[in-house]
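Enquirer: Attaching a predicted model along with its sequence, questions to come.
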Amino acid sequence: MTDTARDILTPSQLNALARNLLEDTFPLIWVEGELGNVTRPASGHLYFTLKDARAQVKCAMFKPKSQWLKFAPREGLRVLARGRLTLYEARGDYQLVVDHMEEAGEGALRRAFEELKAKLTAEGLFDADRKRLLPAHVRRLAVLTSPTGAAVRDVLSVLQRRYPLLEVDVLPVQVQGETAAAQIVEMLQRAGRSGRYDVLLVTRGGGSLEDLWAFNDERLARAIAASPVPVVSAVGHETDFSLADFAADLRAPTPSVAAELLVPDRRDLLARVRMLHSRLASTQAHRLRNAMQRADRAALRLNAQRPQARLAMLGQRQDAAVRRLHALWQARRARHLASLRHAEAILRAHAPQRRLEQLRARLLALAPRPQALVARTLQRDALRLRALARSLEAVSPLATVARGYALVTKEDGTLVRTVAQVQAGDQVSARLADGHVSLQVVSTHATPTSKDP
């Protein structure tokens with residue numbers, strides 16, 4: 001067979017085929033082994049080997065994943081790694097690219113945790129619809145924790161600062177070790193049966209998964225779910241999760257946060273009390289005013305509807321009507337009397353006998369004096385005529401004109417007496433002693449007059 005009939009591959013082609021074969025054949029796998037040849041260059045990637053007594057495999061964990069490790073990788077440490085098999089084509093190195101790694105003991109616990117969590121989740125133990133709301137105001141609280149741990153000090157400090165009126169009982173239990181879970185379950189059940197507490201707080205400080213393992217006990221998770229009293233779980237740090245957290249009615253990230261969630265801040269309560277007191281006082285004053293107004297209106301209506309009050313009101317109206325009728329009768333009587341007196345006076349003045357006596361006396365008085373009366377009358381009339389003539393001559397405008405004055409009239413013949421009767425541009429006529437002169441008003445100027453004080 002000639003070389004042309006053979007399938008000849010280059011090293012890069014061979015490595016590429018091998019890489020594809022590895023990646024397609026092996027899915028995401030878990031490998032447990034001992035760390036060796038651990039190096040972390042400046043790039044931040046982590047390179048190491050996983051080995052057992054008979055073999056080893058090269059591994060790489062790149063920087064974005066290695067930054068999230070919860071422990072420091074070191075020689076001889078037994079770990080559990082998850083990753084994908086591949087082949088580094090440049091050198092032909094077969095390796096495992098790791099995306100997650102944990103200490104081997106913790107890994108076993110983690111697998112047990114996940115299996116138990118899946119089991120209880122399938123039973124509905126962690127369902128949100130079975131969780132209960134906490135009381136709006138917690139009066140008595142039971143704290144199930146170690147009496148000497150940091151968690152109880154944090155909880156009591158926050159509760160004292162925020163709400164010192166809360167009654168708190170610390171129920172001492174072990175929070176770590178083989179018997180811790182059984183103690184917590186027994187104390188939880190006793191506290192629930194007592195009927196003394198509004199809320200139960202199960203808590204402890206942070207630690208490794210093994211340290212917190214008591215709170216992943218199946219008996220404790222079921223006891224929390226079956227508790228007749230709402231349960232709050234605050235186990236470890238914010239990133240730690242336990243089965244107690246999932247079973248509890250409320251999970252707090254830390255013991256201090258749990259205390260803050262359980263009670264209000266007394267400063268907020270004082271501000272709210274002051275605001276409610278002000279609103280209550282305002283509401284009471286408003287309602288009191290309304291009640292007094294309604295009482296006054298009701299009293300008026302009741303008083304108006306009483307028979308005695310109605311009779312009294314009708315009597316008052318009758319008295320007023322009688323007074324008005326009497327006043328009208330008096331006024332009409334006075335008018336009639338005045339009319340009668342006036343008519344009587346007229347009749348007396350026009351009585352025939354009296355009129356005849358007056359005429360007869362007047363005739364007798366006038367009879368001897370007719371001629372003298374006529375002469376005096378003529379003389380008086382002549383004097384009056386001469387006086388009138390002198391008066392007319394004194395006030396005659398013609399006499400005024402003859403003395404050098406002029407009479408000014410408007411076009412319609414109206415005599416101009418004041419400057420207010422004309423304005424610039426008007427045509428006027430001036431009468432002189434020997435004729436008339438036509439004039440046009442150029443401007444007017446009123447002469448100020450002084451008034452007597």
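Expert: Perfect, I can see it now. Numbers count the residues shown, from 1 in each chain.
Enquirer: Going along the chain, name the strands of the stretch 51-200 of the chain.
Expert: 56-61, 78-88, 93-103, 140-145, 167-172, 199-204 (DSSP state E, counting those that start in this stretch).
Enquirer: I'd like the next helix or strand past the helix or strand of the chain with the lowest mean pLDDT.
Expert: Sorting the helices and strands of the chain by mean pLDDT, DSSP states H and E puts helix 397-402 at the bottom, at a mean of 72. Per DSSP states H and E, helix 397-402 leads on to strand 407-410 as the next helix or strand towards the C-terminus.
Enquirer: For the residue nearest the centre of the chain, report the pLDDT, please.
Expert: When Cα atoms, centre = their mean is applied to the chain, the residue found nearest the centroid is Met275 (14.9 Å). What the model reports as pLDDT for Met275 is 90.
Enquirer: Can you tell me the element it falls in?
Expert: Under the criterion of DSSP H and E, Met275 resides in helix 266-305.
Enquirer: List the contacts of stretch 395-407.
Expert: With contact meaning Cβ atoms under 8 Å, 6 or more residues apart in numbering, stretch 395-407 is reached by 393, 415, 430-433, 437. (Glycine included, C-beta is placed from N, CA and C.)
Enquirer: Flag every buried residue along it.
Expert: Val401 (16 or more other Cβ atoms under 10 Å).
Enquirer: Can you give me the first-to-last residue distance of it?
Expert: Using Cα to Cα, to the nearest Å, one end of stretch 395-407 lies 13 Å from the other.
Enquirer: just for this structure, where's the confidence low?
Expert: Along the chain, the parts satisfying pLDDT under 70 run over 1-5, 105-108, 304-306, 368, 449-453.
Enquirer: residues near Arg204, how many?
Expert: Arg204 has 29 neighbours, counted by other Cβ atoms under 10 Å.
Enquirer: if I look at it, how far off is Asp245?
Expert: Distance from Arg204 to Asp245, counting by Cβ to Cβ, to the nearest Å: 12 Å.
Enquirer: Give the intersection of the neighbour lists for those two.
Expert: Counting by Cβ under 8 Å, 6+ apart, the residues touching both Arg204 and Asp245 are 215, 235.
Enquirer: hang on, the earlier thing: Serialize the strands of the stretch 51-200 of the chain to JSON lines and add fields for distance to Ala334.
Expert: JSON lines is the format used below for those (distance: least, Cβ to Cβ, whole Å):
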{"stretch": "strand 56-61", "distance to Ala334": "129"}
{"stretch": "strand 78-88", "distance to Ala334": "127"}
{"stretch": "strand 93-103", "distance to Ala334": "124"}
{"stretch": "strand 140-145", "distance to Ala334": "96"}
{"stretch": "strand 167-172", "distance to Ala334": "95"}
{"stretch": "strand 199-204", "distance to Ala334": "97"}
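Enquirer: Return the alpha-carbon coordinates of stretch 308-326 using CSV.
Expert: The C-alpha coordinates for stretch 308-326 follow below in CSV (Å, rounded to 0.1, in the frame of the first residue of the first chain):
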residue,chain,number,x,y,z
GLN,A,308,-95.6,72.8,76.6
ALA,A,309,-93.1,74.4,74.4
ARG,A,310,-95.5,74.4,71.4
LEU,A,311,-98.3,75.9,73.5
ALA,A,312,-95.8,78.5,74.8
MET,A,313,-94.7,79.3,71.2
LEU,A,314,-98.4,79.6,70.1
GLY,A,315,-99.2,81.8,73.0
GLN,A,316,-96.3,84.0,72.1
ARG,A,317,-97.5,84.2,68.5
GLN,A,318,-101.0,85.0,69.8
ASP,A,319,-99.8,87.8,72.0
ALA,A,320,-97.7,89.2,69.2
ALA,A,321,-100.8,89.1,66.9
VAL,A,322,-103.0,90.8,69.5
ARG,A,323,-100.3,93.5,70.0
ARG,A,324,-100.1,94.1,66.2
LEU,A,325,-104.0,94.2,65.9
HIS,A,326,-104.3,96.7,68.8
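Enquirer: Only whichever of the contacts of stretch 395-407 are buried, select them in PyMOL.
Expert: Those of the contacts of stretch 395-407 that count as buried under 16+ other Cβ under 10 Å are selected in PyMOL with:
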select buried, resi 430+431
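Enquirer: and the contacts of stretch 395-407, which of them are in helices?
Expert: Among those, the members falling in helices (DSSP state H) are Glu393.
Enquirer: Gly36 versus the closest residue in space to Ala104 that isn't next to it in sequence, what's the distance?
Expert: Residue nearest to Ala104 in three dimensions, not counting chain neighbours: Arg78, with 4.1 Å by Cβ to Cβ, 6 or more residues apart in numbering. Noted for Arg78: a distance of 11 Å to Gly36, by Cβ to Cβ.
Enquirer: Could you report the separation of Leu96 from Gln293?
Expert: For Leu96, the distance to Gln293 - Cβ to Cβ - is 88 Å.
Enquirer: Comparing those two, which residue is more hemmed in?
Expert: Neighbours were counted for Leu96 and for Gln293 using other Cβ under 10 Å; Leu96 has more, 22 against 10.
Enquirer: got the buried residues for stretch 290-298?
Expert: Under 16+ other Cβ under 10 Å, stretch 290-298 has no buried positions.
Enquirer: again, but for stretch 184-200
Expert: 184-185, 187-188, 191-192, 197-200.
Enquirer: hmm, back to that, does the helix holding Met275 pack against any helices or strands, and if so which?
Expert: helix 307-349 (3 or more Cβ pairs under 8 Å, 6 or more residues apart in numbering; DSSP states H and E).
Enquirer: which helices and strands sit right next to the helix it packs on?
Expert: Using 3+ Cβ pairs under 8 Å, 6+ apart, the elements in contact with helix 307-349 are helix 266-305.
Enquirer: how far is the helix it packs on from where the chain is centred?
Expert: Counting by Cα atoms, centre = their mean, to the nearest Å, helix 266-305 is centred 23 Å from the centre of its parent chain.
Enquirer: what's the angle between it and helix 307-349?
Expert: With axes from the mean of the first three to the mean of the last three Cα atoms, to 10 degrees applied, the angle from helix 266-305 to helix 307-349 works out at 50 degrees.
Enquirer: would Ser17 count as being in a strand?
Expert: No, residue 17 isn't Ser; it's Leu. No. Applying DSSP: H, G, I helix; E, B strand; the rest coil, one finds Leu17 to be helix, outside a strand.
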